[in-house]
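Enquirer: give me a 3D structure for the following:
(one chain, ligands or ions: 1)
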Amino acid sequence: MVGTWTLGEVGSARDTARETARAITPRLELEGRLIAVSNRVARPSATTSPGGLAQALGDALHVRGGTWIGWSGNLVADAASAEFDLLAEGEIVYGLLDLPAEDFQGFYEGYANGVLWPVFHGRPDLSVHEAGDYAAYQAVNRAFADAIARVAGRDDTIWVHDYHFLPLGGLLRERGIPSCVGLFLHIPFPHTGVFRTIPEAEAIARAMMGYDTIGVQTTRDARNLAETLAAMGEGTLLRRGEGYEVFVFGEHVRIMPLPIGIDVAGLRDVVSAPPPAAVSSFCRTLGGRRSLIGIDRLDYSKGLPQKLQGFYRYLQTDPRRADKVVMTQIAPISRGTVPAYEKTRREVEAIAGGIAGEFTSLTHNPLNFLTRAVDRATVAHLMARADVGLVTPIADGMNLVAKEFVAVQDPADPGVLILSEFAGAAEAMTSALLVNPHDIEAVAAAIETALAMPREQRRERHFSLMEVIHDTDISRWTERCLTELATAAD
Ligand code: GDG
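Expert: Numbers count the residues shown, from 1 in each chain. Next up is the predicted model:
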């Protein structure tokens, strides 16, 4: 059970929890552990749900081992009934925290996804400020800080993930946690003026200064964050290599661009196994037609209307094309009860319906549009067999699908990646066909260019994209982040 722990109680609670962890994981050396913290954990025994963060962090911890603290998935009546269980599975100890139902809604849908997500993706017009949501966000962050305080030792490294936990740095410092504490932000960080639209901007900025180091996806995010923190409290900022050091509110934080990647070998293993039967049967139905693929959570940041409009325009330009191509868009519904997501879903379904109505014949449908999640092997094999990968977010921290698409291609005859210049991935993946997704004609033209691209040019582009994919492989990314954390602690 997690209650409110005063500083005096932290030590004994921590020792008890450590003993429990030792008892259940004799293989793990618990001194100087890595403790990762994220809202969702991806346990191997549970049904995995799509999501870049859980996918990447799971891959990282399987490589390195450690403790992973996150929400248990259980909602309870009140804070007093919330349990915090430690559970070992493979090389990871999971610290699973129950959350009070009354706080969860305000924390997750309300503040994290109703305010921070739209603002950080440059859409403050979509943010919805409900009374009580910020208090719920703070309450859940305090509950996590209390749980972490129970297991963290002086030598441990605490690696917090994403916008759900921006204030954790400050809350852990308030609890006297001496460990090195870092944040990795998976989503973009906006310009100062956009960040300041959040009513609680200054309190959040102050709490973020509790971190020793903050990793972000791109140099643009690093600059936005450093300038914002410095501007909020009239502090100073210094360049440090590719990153910054910010001195403000009497604190000091390091900010570094640390672009995330994928488990390249793991994904190639998936595609070297025989494809699922559904993929083989899909390939037979292609009958020599060219194949395009899109894989995105159904989220307004992912540019799904723009992508489908671009495909629609490609077909309208020459209706004979409809019988020569098949576009498969997998768009699993995500955060479906948040109003802005419902609106995007209706918009995307209307465009898909327009394409189907205008171009489906009795014998062929040029668009497969699925709002269900499909399994990882199916996603990987569909990407491997596609001639074109379409990744068109209007804002995105990185976008792992762009990297996955490239990683599963046959180097001798690779498909072509069309990539939005607004994805973090575009900063390094400059050999993709870069497009502005708001320019529908440009998306349609990029599809035409990709389908006509000679093999030699496809191979050259793929070769240089693979250098980026290998350079940011998930194990390298993990080591880079942990080295950054270790030096921040010096
Ligand atoms: C956040 C940031 C950043 C998707 N649909 C299915 C499925 N997926 C998998 C993809 C990929 C992952 O989910 C999505 O990752 P993304 O990076 O594209 O996007 P977010 O979920 O928004 O992730 C993002 C990321 O964190 C990591 O830092 O890149 O910018 O927004 O792995 O393949 N997987 C399965 N079925 C699906 O239907 N199995």
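
Enquirer: ok, now how distant is the closest residue to V93 other than its chain neighbours from D156?
Expert: Counting by Cβ to Cβ, 6 or more residues apart in numbering, V93 lies nearest to T67, which is 4.6 Å off, once chain neighbours are set aside. Placement of C-beta: from N, CA and C, glycine included. Separation of T67 from D156 (Cβ to Cβ, to the nearest Å): 8 Å.

Enquirer: who touches both of those two?
Expert: Applying Cβ atoms under 8 Å, 6 or more residues apart in numbering, one finds that T67 and D156 are jointly contacted by 33-35.

Enquirer: turn these into CSV, including distance to the ligand and pLDDT.
Expert: Putting these into CSV (distance: Cβ to the nearest ligand atom, whole Å; pLDDT from 0 to 100) gives the following:
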residue, distance to the ligand, pLDDT
R33, 22, 83
L34, 18, 88
I35, 19, 93
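
Enquirer: list the ones among these that fall in helices.
Expert: The members of the shared contacts of T67 and D156 all map outside helices under DSSP state H.

Enquirer: I'd say N399 and G424 touch.
Expert: Yes - at 6.6 Å, N399 counts as touching G424 under the criterion of Cβ atoms under 8 Å.

Enquirer: residue contacts, the residue lying closest to P339 once chain neighbours are set aside?
Expert: Excluding its sequence neighbours, the residue lying closest to P339 (Cβ to Cβ, 6+ apart) is V128, at 7.2 Å. Counting by Cβ under 8 Å, 6+ apart, V128 makes contact with 110, 114-115, 339-340.

Enquirer: so how do I select the buried members of these in PyMOL?
Expert: Entered in PyMOL, the line below selects the buried ones among these, by 16 or more other Cβ atoms under 10 Å:
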select buried, resi 110+114+115+340
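
Enquirer: need the contacts of V128 in TSV with distance to the ligand and secondary structure, can you?
Expert: Output for those, formatted as TSV (distance: Cβ to the nearest ligand atom, whole Å; DSSP: H, G, I helix; E, B strand; the rest coil):
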residue	distance to the ligand	secondary structure
G110	19	helix
G114	16	helix
V115	16	helix
P339	19	helix
A340	15	helix
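
Enquirer: thinking again about what came up before, so the residue nearest to P339, which state does it fall into?
Expert: At V128, secondary structure determined by DSSP: H, G, I helix; E, B strand; the rest coil is coil.

Enquirer: and the residue nearest to V93, what element?
Expert: Per DSSP states H and E, T67 falls inside strand 66-76.

Enquirer: okay, angle between the helix or strand just after that strand and strand 66-76 too, please.
Expert: Once the chain leaves strand 66-76, the next helix or strand it forms, by DSSP H and E, is strand 84-89. With axes from the mean of the first three to the mean of the last three Cα atoms, to 10 degrees defining the directions, strand 84-89 sits at 130 degrees from strand 66-76.

Enquirer: returning to what we had before: need the overlap of contacts for N399 and G424.
Expert: The contact sets of N399 and G424 do not overlap (Cβ under 8 Å, 6+ apart).

Enquirer: could you list the low-pLDDT ranges of the stretch 301-450 of the chain?
Expert: Along the stretch 301-450 of the chain, no part satisfies pLDDT under 70.

Enquirer: quick check: residues of it near the ligand?
Expert: Within the stretch 301-450 of the chain, the positions near the ligand by Cβ under 6 Å from any ligand atom are 330, 332, 373-376, 379, 396-401, 404.

Enquirer: can I get those in a markdown table including neighbour count, distance to V271 and secondary structure?
Expert: What follows is these, written out as a markdown table (neighbours: other Cβ atoms under 10 Å; distance: Cβ to Cβ, whole Å; DSSP: H, G, I helix; E, B strand; the rest coil):
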| residue | neighbour count | distance to V271 | secondary structure |
| --- | --- | --- | --- |
| I330 | 23 | 16 | strand |
| P332 | 18 | 20 | coil |
| A373 | 20 | 19 | coil |
| V374 | 17 | 15 | coil |
| D375 | 13 | 13 | coil |
| R376 | 15 | 11 | helix |
| V379 | 21 | 10 | helix |
| D396 | 29 | 24 | strand |
| G397 | 28 | 25 | coil |
| M398 | 29 | 21 | coil |
| N399 | 26 | 19 | coil |
| L400 | 24 | 15 | helix |
| V401 | 28 | 14 | helix |
| E404 | 27 | 10 | helix |
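
Enquirer: would JSON lines of the residues you listed with distance to T449 be doable?
Expert: Below are these laid out as JSON lines (distance: Cβ to Cβ, whole Å):
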{"residue": "I330", "distance to T449": "24"}
{"residue": "P332", "distance to T449": "29"}
{"residue": "A373", "distance to T449": "31"}
{"residue": "V374", "distance to T449": "28"}
{"residue": "D375", "distance to T449": "32"}
{"residue": "R376", "distance to T449": "30"}
{"residue": "V379", "distance to T449": "25"}
{"residue": "D396", "distance to T449": "22"}
{"residue": "G397", "distance to T449": "27"}
{"residue": "M398", "distance to T449": "24"}
{"residue": "N399", "distance to T449": "20"}
{"residue": "L400", "distance to T449": "24"}
{"residue": "V401", "distance to T449": "20"}
{"residue": "E404", "distance to T449": "22"}
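
Enquirer: for those residues, work out which two are farthest apart.
Expert: Comparing every pair within these by Cβ to Cβ identifies D375 and G397 as the most remote, at 24.3 Å.
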